[in-house]
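1. please find the sequence and the predicted model below.
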Number of protein chains: 4
Amino acid sequence: MRRPEGYRHAVRIGDARTRILDAAEELFATSGYEATPASMIAKLANVPKGLVFHYFPRKIDVLVTLVDERTLVEEDRDVEAVPGDPAGTLSRLARRLPLRASPAMRRILFREADTHVSVRERLSRLNGELIRRARFALELALPTARGDAARLEVAAATFAAVLLYQETLTQLTGHRIDPDAVAELIAGGLL
Amino acid sequence: MRRPEGYRHAVRIGDARTRILDAAEELFATSGYEATPASMIAKLANVPKGLVFHYFPRKIDVLVTLVDERTLVEEDRDVEAVPGDPAGTLSRLARRLPLRASPAMRRILFREADTHVSVRERLSRLNGELIRRARFALELALPTARGDAARLEVAAATFAAVLLYQETLTQLTGHRIDPDAVAELIAGGLL
Amino acid sequence: MRRPEGYRHAVRIGDARTRILDAAEELFATSGYEATPASMIAKLANVPKGLVFHYFPRKIDVLVTLVDERTLVEEDRDVEAVPGDPAGTLSRLARRLPLRASPAMRRILFREADTHVSVRERLSRLNGELIRRARFALELALPTARGDAARLEVAAATFAAVLLYQETLTQLTGHRIDPDAVAELIAGGLL
Amino acid sequence: MRRPEGYRHAVRIGDARTRILDAAEELFATSGYEATPASMIAKLANVPKGLVFHYFPRKIDVLVTLVDERTLVEEDRDVEAVPGDPAGTLSRLARRLPLRASPAMRRILFREADTHVSVRERLSRLNGELIRRARFALELALPTARGDAARLEVAAATFAAVLLYQETLTQLTGHRIDPDAVAELIAGGLL
DNA sequence: AATGAATGAGCGTTCATTCAT
DNA sequence: TATGAATGAACGCTCATTCAT
């Protein structure tokens, strides 16, 4: 919770603990958790190596703390739905992803998810929240009786998948996917 | 050197080189490349550690070889399209993913893509092929003039994303997505 | 970090870094750099192996540091020349070899010179300095006009060669050469 | 004894055993015995690795054989002495070094001498023979009664040292020493 | 709170050597 | 005689972690 508004990139300011987390965020995102030695975090953070272990007794604690403090899945936030405009409603939701996290933190979240439980849990909650919200938005936006529950669920899950995966996809394949267009496609399928 | 039909799981048979690749496939999928020591591969393959390096001079060669020999992106394969049935056409395409690879290999492909170029390239080709084929299938299946190029592209990319990501998603969140339902949704959006 | 006066032999005292260098000096001189594992240095120095690499990130750094800190080519030192006594002048020079280094360090210097640049450079400088000084001493000691430049140069180079090589020769062949006698011989040849 | 006249350099012809020795000679001279893996010898010799150990059960046998078969200290060969011309006599002796060995073999002889007994012995014999012959030549060339035994010995040893060391010196320091000039200097000192 | 020396387990890799064929 | 798979000991090096100060 220490980070204020916005994301600081590669700027090593603040107290030692913050600088350590900043450095780790950058390095984990770039090279992965396993491939990042604690000594490198210390060097980038410009603190003595011992201090890293003073604040975070085990290296894994740095990752856990990062996920804990720097990714925030915002649950139960309001959904802005415009009845009769499911596409626009989804688009707006896309723009307000309920994940407060820097791009670096997002990469970490996805990359380390399958080897570290606490990371996986966070990602799982995010996905659940996204689907929940998309479903709810569609319910509000669609003319009543239009979508049976199962169809809505599929639409919500598909949209969530695209939102979560698009960044990875762009990174790995260079292929950009436009959430707005997807929103329109999905909305078209429901009407 | 190619694997025959089907996938062998955790069965340690065949010559040493094959057993090493089998073991690595399993371990890389489970724990990730970085977190898997060569010694563990050797132990699971039931060969002395030295033999691993006899066949694969550097550890990374094991990963590269795995991707090389055990993931096969089938390009230019025929697409079975049924005019007037875009949903069914996509469903059939989903069932014939142009990636010959065990589930384990797929996880490796996705997990290691952002730190190892050769893996990333393979994944990128796969994604491209998948989109290309989905687009082509839709062109054939849709009534002419129905879909303008951009809409088709979005539909294809969305479907590809779902196909590629669904496995990871299930793994990470427990939430299962049904490609057939997505096919129907997308087809509905296009008609 | 410089060694004080005199040489300590095989006495394992002082801080860990010093003990490591002491041990390496002894072992490199005895068995050669390549044939001396870092573990053996650690054992002789009575430190854990990891500590060797704490102070010297690569093994070669131990050798380089040794040459750097424990061989000192003293340039521009005064030459004590006695006019009319070239033999005595050379003898005195021999006794004040401009190389501050233990016998062990000298063996290392010669043995590793042809495979390690930094060592070779040090040895080269030493040889140059030795010749320069011998020439200068002879110029002062000889009656003017006696020796033309070329002859002086040869005498200086010969004497330098004998000084540098005698130790190796004794080691390898058991045959001892007496620098004083050589000085006399050379002086005789110039007069 | 297998080598005919002259030295073949880097030409891999002849039977396997010869090619192995050729390769080893080149590699040992360049990188030293310890730093040359048997596999590299095999590769350069263009023979399978197993064959190296077929001919030479242990790696050290390659070195020993090399020294054994490819360095020949010619003892008891005639000395051409010209009475009254000690300088010329020494010069001639320098030109007929009693060591039949390629430059590469000489480098090996000197470099490995202090860690391998058999090599050291060979070098020792060479030095002894050189001194013996220089002493004998000087005895014959000098006017009788001129040189007492001790002086002759010093002269002979000095000349031998220069001859043996000159190659190393040139290599390590770039400083060339001219044996003829040294011969003259020494002869001058004896007359 | 801060530090860097110390520790040791374990990693990737090398390589002499063996051996079945 | 010829071969390359197999073996295992040891090597250089890394690194999380501890600890005295």
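-> Good, I have the coordinates.

2. measure A:Leu138 to D:Ala181 for me?
-> 100 Å (Cβ to Cβ, to the nearest Å). Placement of C-beta: from N, CA and C, glycine included.

3. do a quick rundown of the strands in chain A.
-> A:72-73, A:99-100 (DSSP state E).

4. tabulate the ones you listed in TSV, adding columns for mean neighbour count and distance to DNA strand F.
-> Formatted as TSV, these follow (neighbours: other Cβ atoms under 10 Å in any protein chain shown; distance: least, Cβ to the nearest atom of the strand, whole Å):
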stretch	mean neighbour count	distance to DNA strand F
strand A:72-73	18	26
strand A:99-100	17	27
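
5. distance to chain D and mean pLDDT added to the ones you listed, as a markdown table?
-> Listed next are the strands of chain A as a markdown table, based on distance: least, Cβ to the nearest Cβ, whole Å; pLDDT from 0 to 100:
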| stretch | distance to chain D | mean pLDDT |
| --- | --- | --- |
| strand A:72-73 | 56 | 86 |
| strand A:99-100 | 54 | 84 |
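
6. reformat those as JSON lines; add distance to C:Leu93.
-> Listed next are those as JSON lines, based on distance: least, Cβ to Cβ, whole Å:
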{"stretch": "strand A:72-73", "distance to C:Leu93": "78"}
{"stretch": "strand A:99-100", "distance to C:Leu93": "78"}
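
7. in terms of contact, does A:Asn46 touch A:Asp22 like I think?
-> No: using Cβ atoms under 8 Å, A:Asn46 makes no contact with A:Asp22, being 10.3 Å away.

8. tell me the domain ranges of chain A?
-> Annotated domains of chain A cover A:16-70, A:72-190 [automatic domain parsing].

9. does the first one come close to chain C?
-> Okay, so that is domain A:16-70. No: legend: contact between domain A:16-70 and chain C by Cβ under 8 Å from any Cβ of the partner chain is lacking; minimum distance shown is 11.3 Å.

10. helices and strands of chain A: which one has the lowest mean pLDDT?
-> Within chain A, no helix or strand scores below strand A:99-100, which has a mean of 84 by mean pLDDT, DSSP states H and E.

11. and the domains of chain A, which one is worst for confidence?
-> Mean pLDDT is lowest for domain A:72-190 among the domains of chain A, at a mean of 88.

12. check whether that domain contacts DNA strand E.
-> No: using Cβ under 7 Å from any atom of the strand, domain A:72-190 stays clear of DNA strand E, coming no nearer than 15.0 Å.

13. what about that domain, near chain B?
-> Yes: interface with chain B: domain A:72-190 contributes A:107, A:111, A:113-115, A:120, A:123-124, A:127-128, A:131, A:150-151, A:154-155, A:157-158, A:161-162, A:164-166, A:168-169, A:171-175, A:177-178, A:181-182, A:184-190 (Cβ under 8 Å from any Cβ).

14. so which residues on chain A come close to DNA strand F?
-> A:36-39, A:49-50, A:52-54, A:57-60.

15. may I see those residues arranged in a markdown table, with distance to A:Thr89 as well?
-> Shown next, in a markdown table, are these (distance: Cβ to Cβ, whole Å):
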| residue | distance to A:Thr89 |
| --- | --- |
| A:Thr36 | 40 |
| A:Pro37 | 46 |
| A:Ala38 | 45 |
| A:Ser39 | 49 |
| A:Lys49 | 50 |
| A:Gly50 | 52 |
| A:Val52 | 45 |
| A:Phe53 | 48 |
| A:His54 | 49 |
| A:Pro57 | 46 |
| A:Arg58 | 44 |
| A:Lys59 | 43 |
| A:Ile60 | 40 |
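
16. filter those to the buried ones?
-> Among the residues of chain A next to DNA strand F, the ones that count as buried by 16 or more other Cβ atoms under 10 Å in any protein chain shown are A:36, A:38, A:52, A:59.

17. nearest residue to the last one in space, please, no chain neighbours.
-> Across the structure, with Cβ to Cβ, 6 or more residues apart in numbering or on different chains as the measure, the residue nearest A:Lys59 apart from its sequence neighbours is A:Ala38 (5.2 Å).

18. contact partners for the one you found?
-> Counting by Cβ atoms under 8 Å, 6 or more residues apart in numbering or on different chains, A:Ala38 makes contact with A:49, A:52-53, A:59, A:62.

19. wait, which of these is closest to DNA strand E?
-> Set against DNA strand E, the nearest of the contacts of A:Ala38 by Cβ to the nearest atom of the strand is A:Lys49 (5.2 Å).

20. ok, back up a step: for B:Gly84, which of the strands of chain A is the nearest?
-> B:Gly84 sits nearest to strand A:99-100 of all these, at 40.7 Å, using Cβ to Cβ.

21. now stretch A:32-43: how far from the chain's centre is it?
-> 22 Å (Cα atoms, centre = their mean, to the nearest Å).

22. first to last residue in it, what's the distance?
-> 17 Å (Cα to Cα, to the nearest Å).

23. one step back: okay, A:Leu138 and D:Ala181: which has more neighbours?
-> The neighbour comparison of A:Leu138 against D:Ala181 (other Cβ atoms under 10 Å in any protein chain shown) goes to A:Leu138, with 26 against 19.

24. how near is the more buried one to chain C?
-> Distance of A:Leu138 to chain C, computed by Cβ to the nearest Cβ, to the nearest Å: 59 Å.

25. relative to A:Arg95, how far out is that residue?
-> Distance of A:Leu138 to A:Arg95, computed by Cβ to Cβ: 16 Å.

26. same check, this time on A:Glu121
-> Distance, A:Glu121 to A:Arg95, using Cβ to Cβ: 26 Å.

27. and these two? Which one has more around it.
-> Taking other Cβ under 10 Å, A:Glu121 and A:Arg95 do not tie; A:Glu121 has more neighbours (14 against 9).
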